[in-house]
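Colleague: quick one, structure for this:
(one chain, ligands or ions: 1)
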Amino acid sequence: MIGVLVSGEGSNLQALIDAGLSIACVASNKDGVRALERARAAGIPTRVFPLEHYTDRAHRDSELADWLQLRGVDLVVLAGYMHLLTEPFLERFPDRIVNVHPSLLPEFPGKQAIVDALDAGVATTGVTVHYVDDGIDTGRVIRQVPVPVDPKETLVDRIHAVEHRLLPEVVRELCAAH
Ligand code: GAR
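Modeller: The predicted structure follows:
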């Protein structure tokens with residue numbers, strides 16, 4: 001079963017839902033985000049784990065892992081989840097946490113990869129799906145798709161379109177291989 005972690009808009013979550021993948025539950029670090037609405041509209045259980053409610057990040061992450069495992073989750077997908085995960089979470093899902101990122105990693109890690117690629121003036125950027133470790137977008141790459149930067153006006157939309165195709169594809173393969 002798949003558990004999805006979100007923080008924002010949730011368009012990648014929507015792509016996973018639309019692909020018909022079995023999503024057991026969706027957790028967010030932030031309340032009131034569109035991704036939670038999308039999950040609820042699809043009848044998927046949700047819960048918010050705000051950092052402020054816990055003594056520290058490790059404690060929050062360990063409760064988050066408990067909640068996911070209680071729901072039968074054995075593959076965690078980060079779909080626009082904007083917090084680093086700590087060891088008490090990572091050790092519970094070895095090689096079973098993946099993230100989608102809008103650049104050709106290791107280029108342009110972090111929260112504003114598309115802006116960083118534009119600022120750097122590169123001709124090609126892209127999308128990466130990778131395993132998650134304790135760094136910022138540093139885990140082992142599973143799949144990458146290049147995207148030409150020009151025309152710049154449509155770059156964001158073209159990157160998202162690739163994400164929405166690539167993430168469900170990789171997640172489906174990881175489910176089948178397990
Ligand atoms: C996506 O573009 C995803 O690749 C990016 O956040 C966006 C979330 O959109 N993630 C990162 O930058 C991770 N470092 P969404 O909430 O609509 O899926």
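
Colleague: looking at this structure, which residue is nearest the ligand?
Modeller: Here the residue of the chain nearest the ligand is Gly80; by CB to the nearest ligand atom that distance is 2.6 Å. C-beta: built from backbone N, CA, C; applies to glycine.

Colleague: which ones are touching that residue?
Modeller: Going by CB atoms under 8 Å, 6 or more residues apart in numbering, Gly80 touches Val6, Ser7, Gly8, Glu9, Gly10, Ser11, Asn12, Leu13, Ala35, Val100.

Colleague: which of the residues you listed are buried, as a ChimeraX select command?
Modeller: Here is the ChimeraX command that picks out the buried ones among these, judged by 16 or more other CB atoms under 10 Å:
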select :6,7,8,10,11,12,13,35,100
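
Colleague: could you measure from the residue of the chain closest to the ligand over to His164?
Modeller: 12 Å (CB to CB, to the nearest Å).

Colleague: do the same with Asn12
Modeller: 7 Å.

Colleague: same question for Pro45.
Modeller: Distance from Pro45 to His164, counting by CB to CB: 23 Å.

Colleague: identify the residues contacting Gly121.
Modeller: Counted by CB under 8 Å, 6+ apart, Gly121 has zero contacts.

Colleague: now Leu84
Modeller: Neighbour list for Leu84: Arg57, Asp134, Gly135, Ile136 [criterion: CB under 8 Å, 6+ apart].

Colleague: which ones, among those, also lie beside the ligand?
Modeller: Applying CB under 6 Å from any ligand atom to the contacts of Leu84, one finds that nothing falls near the ligand.

Colleague: bridged to the closest residue in space to Leu78 that isn't next to it in sequence, which residues?
Modeller: Among residues not flanking Leu78 along the chain, Asn99 sits closest, at 4.0 Å (CB to CB, 6 or more residues apart in numbering). Per DSSP bridges, the residues bridged to Asn99 are Leu78, His130.

Colleague: give me the number of residues near Asn99?
Modeller: The local packing count at Asn99 equals 23, with neighbours defined by other CB atoms under 10 Å.
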